[in-house]
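Engineer: My questions are about this predicted structure, shown below with the sequence.
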Amino acid sequence: MTFSGPPGTPGSRGVHPAWLPDEAFRPIGSRRTLLCGGGPLAGTVHEEVASACARYGGSVRRRAAGPDEAPEAVPDDGPEAGPDDGADDGGPYDLVLALTTAGPLPAVAETALAGFRRGPAPGGGPAVGPDIGPDIGPDIGTDIGPDIGTAGGDEGIGDEGYVVARHDGVTVVLADSTTGLLYGLFHLVRLGEEAFGAARPAEHHRPAARLRMLDHWDNVDVHPVMGQVERGYAGGSIFWRDGALRDDLTRVRAYGRLLAACGVNAVTVNNVNVHATETRLLTDRLRDVAAIADRLRPYGVRVHLSVNFAAPVALGGTATADPLDEDVRTWWAAVTARVYETIPDFGGYVVKADSEGQPGPHAYGRDHADGANLLAEALAPFGGVVHWRAFVYNHRQDWRDRSTDRARAAYDHFTPLDGRFRDNVILQVKHGPIDFQVREPVSPVIAAMPRTRVAVELQVTQEYTGQQRHVCYLAPMWSEVLGFRPWGPAGPGVAHVVAGDVADGAAGGGLVGVSNVGDDPYWTGHPLAQANLYAFGRLAWAPSSDPAAILDEWIGLTFPAAGGNDATGGDDGRLREALHEIMDDSCGTYERYTVPLGVGFMVRPGHHYGPDVDGYEYTPWGTYHFADRDGVGVDRTRATGTGFTGQYPPPWSEVYESLARCPDELLLFFHHVPYGHVLHDGTTVIQHIYDTHFAGVEEVDRARLRWAELAGLVPDAPHARVRELFAEQLRCAEEWRDQVNAYFLRKSGVPDARGRRIP
């Protein structure tokens, strides 16, 4: 696979091109293109097209901005827009990329704009999501619908939106902003030759969520326990190394390019657990953050910073960090003003407070609204936002006390504060009530804060899903979360909440993912784990997209031999078919050989890799399965348990409360049942545990053998890396099977009905 990319990309350093190999640009680079418009991101568009044309023989002309186009400021060290590539000779052109403000537009672009104004074809994907459990029916499931992010022409194309059309043999991309033009260009890259095929009416595409952010858990200093990247499984940080900013930030710019190509527009550059050195990024190390922002800016990616709530004290500015103290307010206002003087397009702060030992407002008798509003007040004059994480719980529990329930904590802490947060506070809520487990219900906090901006946080790095040593395509799980309708079939879904598309609700807070990127040559350690990063961006842009379609898109871009953008015709679909077999249900496979029926945290304490059924069961961090000789599961009902089911609105509060109606996959999350309890498919709980763990290992082995058959269709280096990782995945899956089955055989005394060997 060849890769050079535009200037500033690290192909020569042995870094994998991910979903932007040179071959993906062949359809654009072999054609004649006209670019109409100016500005820094238009310069990026021009650079991308010109680089592709240099490789594949096409041409690009750039026409000067029209008289009605507002000029854009270009930072001194930003990309130069460059002069026109000769006068616009009127064509003919195969592709026109134009800002609507760059008038007069070519006739073909005016025709496309008129088609959009008459009413564009929707650009969203199909409704997705399976039914949710028995006796509920599909109407209460996860159908998001195509209405998110696909508004009609009367509202304009939008800040990040674009219109794509093709008629009279010319493909047109129109946008109101240079950001939209860049996203439109990458849309054509995804389409490949299809973009230049049959005529297509004007399609309007715009993101459902305004904020689509990745949180890096990267440490500036190497942490003695967590290393350079906390919960990172792809090597070191691409930003930091041994206490300092990396000397060469070429790869950071390439990262911004990958993010723009899948729709991500914001990045937090340091760990939410803010240590001493990271605290100084706010002040004397701020130039390091600015250097990163300079590399990401050409691709429309804004920088955010995780901050220490106690920074005024830690940095010697004040004697207290009390959010209601006037000196503290003044300190944050002054520091924030200096941040924006240095980074004018700075996005805002991310805060983990009063959680797992991090400082917060509780130390001063204040609540989370007081703390968040302090920072929001400082950010407001500059248009910044504060992401305040709702991951707050008691991590010093007594395992013998069954009334304490970690799942309840975020709701109990934050719902009394609804309506008290400033408009530029975004409450960042993990998608489930525990901690990124492979199977959890959707967090009830998402539906319980109608007067607060809520962002949903997903974990792209695979802390509890194989740590990027196992194939585990996470988009199907995320799609279920985004499609979940907390208020029932007539109500909005989670995707509507994060988009702000809820009647009488607060503006949307967007989607946030914990990044899975490191300095590994394959970006994510496991070459196939790249699909999770790509899918996060695509679902943040269009939550109703089909996960299988996103995977197919990623396959075609990443492996041109699969018959995607490769003009040579590829391999007749064999590689594409095999990758779908391996990856489509890989998350389900992982669930089958690890945790049964909604149980979580059966992992080894500390590093969280591999099985340890009782590893956390008797620790201060919580209890998760309550297995004894008679049964298993956590009673979270209102009638006899912790009352967690009551945190959901109807109908889900009744569904989860009912042993008969609770979905099987969440049974042990909500109920403690005997091992002989019969599931809806007629299998007992104990037999389900045995069957799924044996089946999961068999599925891994089939996937391993299927991958081996792809030798010669996949380049040698990534094929060898994945082959080695499959060997580890099979070993670990067998360990999970044997430990979990043996544990429950000894607890229950019930043998496997099929007579298989259990150690």
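Structural biologist: Sure, I can see it. Numbers count the residues shown, from 1 in each chain.

Engineer: quick one: average confidence on the helix or strand harbouring residue 551?
Structural biologist: Here residue 551, judged by DSSP states H and E, is contained in helix 547-558. In this model, helix 547-558 carries a mean pLDDT of 97.

Engineer: roughly how far is it from the heart of the chain?
Structural biologist: On the basis of C-alpha atoms, centre = their mean, to the nearest Å, helix 547-558 sits 16 Å off its chain's mean C-alpha point.

Engineer: Which residues are in contact with residue 713?
Structural biologist: Taking C-beta atoms under 8 Å, 6 or more residues apart in numbering, we find residue 713 in contact with 561, 571, 574-575, 578. Heads up, the C-betas are built off the backbone N, CA and C, glycines and all.

Engineer: still on that earlier bit, who's in contact with the helix holding residue 551?
Structural biologist: 18-21, 24, 125-126, 128, 189-190, 192, 473, 475-476, 478-479, 530-531, 534-535, 538-539, 562-565, 575-576, 579-580, 583-584.

Engineer: Now do the helix ranked longest in the chain: which elements does it pack against?
Structural biologist: Scanning the chain for the longest helix, with DSSP state H as the assignment, gives helix 716-748. For helix 716-748, the helices and strands in contact under the criterion 3 or more C-beta pairs under 8 Å, 6 or more residues apart in numbering; DSSP states H and E are helix 586-593, helix 685-708.

Engineer: sorry, back to before: next, the angle helix 586-593 makes with the helix holding residue 551.
Structural biologist: Note on geometry: by axes from the mean of the first three to the mean of the last three C-alpha atoms, to 10 degrees, helix 547-558 and helix 586-593 are set 120 degrees apart in direction.

Engineer: Go through the contacts of helix 547-558 and flag which are in strands.
Structural biologist: Judged by DSSP state E, strands contain none of the contacts of helix 547-558.

Engineer: next SSE after the lowest-mean-pLDDT helix or strand in the chain?
Structural biologist: Least confident helix or strand of the chain, by mean pLDDT, DSSP states H and E, is strand 121-122 with a mean of 52. Counting by DSSP H and E, the next helix or strand C-terminal to strand 121-122 is strand 162-167.

Engineer: How far away from the center of its chain is that following strand?
Structural biologist: With C-alpha atoms, centre = their mean, you get 28 Å for strand 162-167.

Engineer: and that strand, which residues are buried?
Structural biologist: The neighbour-count check on strand 162-167 (16 or more other C-beta atoms under 10 Å) flags 162-166 as buried.

Engineer: So what touches it?
Structural biologist: Contacts to strand 162-167, defined as C-beta under 8 Å, 6+ apart, come from residues 108, 111-113, 115-116, 120, 123, 157, 171-175, 180-181, 183-184, 187-188, 195-206.

Engineer: Out of those, which sit inside helices?
Structural biologist: Checked against DSSP H, the contacts of strand 162-167 include these in helices: 108, 111-113, 115-116, 180-181, 183-184, 187-188.

Engineer: and stretch 677-689, how far apart are its ends?
Structural biologist: End-to-end distance for stretch 677-689: 12 Å, by C-alpha to C-alpha, to the nearest Å.

Engineer: quick one: buried residues of it?
Structural biologist: 677, 679, 683-689.

Engineer: Which one of those residues is nearest to residue 342?
Structural biologist: For these, the closest approach to residue 342 (C-beta to C-beta) belongs to residue 689, at 55.6 Å.

Engineer: The closest one: what's it in contact with?
Structural biologist: 596-597, 740-741, 744.

Engineer: Tell me which two of the residues you listed sit farthest apart.
Structural biologist: So, those by C-beta to C-beta: farthest apart are 597 and 741, at 14.2 Å.
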